[in-house]
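**Student:** Here you go, sequence then predicted model.
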Amino acid sequence: HNIAWRLALLLHRERKNLSEASSSFSNDVLSKYDAERKPIATQNAALSVRNYRRTLRIAKACYLDAQHPQLLLSMLGMSPVNLLPMETRRDMFRRLVSVAMMPLGSMVP
């Protein structure tokens, strides 16, 4: 949208051989785009981080923790569990995740 007309303008000027001071014009057009869009990109990034943190708070309220899958994996890699066949460990992991997700089951009608 905003960049499209700028690129179209630059391509049009290039086709028409309006290349006198072309590189400075190109730099000016593109740097203005950067100056206009950077604050919006920064705001969007901040919003994403805020939403991520909110999601983590919701997960913790449901007794879920982002560290649980890693804890399960490390537990399944410890002796004597790591001596079990991989398929058995995968099945254990799936079942443990299922148990960990049980608090969410009460939220679904």
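**Tutor:** Perfect, thanks for sending it. Everything numeric here is computed off the predicted structure, so don't read it as measured data.
**Student:** in stretch 80-95, what counts as buried?
**Tutor:** Going by neighbour count (16 or more other CB atoms under 10 Å), the buried part of stretch 80-95 is residue 89. No exception for glycine: its C-beta is placed from N, CA and C like everyone else's.
**Student:** Report the mean confidence score over that stretch.
**Tutor:** Mean pLDDT, stretch 80-95: 91.
**Student:** And the contacts of that stretch?
**Tutor:** 72, 73, 75, 76 (CB atoms under 8 Å, 6 or more residues apart in numbering).
**Student:** what about the first one, how many neighbours?
**Tutor:** Neighbour count for residue 72, taken as other CB atoms under 10 Å: 17.
**Student:** That one against residue 97, yeah?
**Tutor:** Yes: the pair residue 72 / residue 97 is scored as a contact, 7.0 Å apart, by CB atoms under 8 Å.
**Student:** thinking again about what came up before, just the buried residues of the contacts of stretch 80-95.
**Tutor:** Buried members of the contacts of stretch 80-95, counted by 16+ other CB under 10 Å: 72, 76.
**Student:** So which of the contacts of stretch 80-95 are in helices?
**Tutor:** Residues of the contacts of stretch 80-95 located in helices (DSSP state H): 72, 73, 75, 76.
**Student:** ok, so what distance separates the nearest residue to residue 100 once chain neighbours are set aside from residue 74?
**Tutor:** Nearest residue to residue 100, sequence neighbours excluded (CB to CB, 6 or more residues apart in numbering): residue 68, at 5.7 Å. Counting by CB to CB, to the nearest Å, the gap from residue 68 to residue 74 is 11 Å.
**Student:** more neighbours, those two?
**Tutor:** Using other CB under 10 Å, the more surrounded residue of residue 68 and residue 74 is residue 68, with 15 against 10.
**Student:** middle-most residue in this structure, spatially?
**Tutor:** Nearest to the geometric centre of the chain sits residue 48, at 8.4 Å (CA atoms, centre = their mean).
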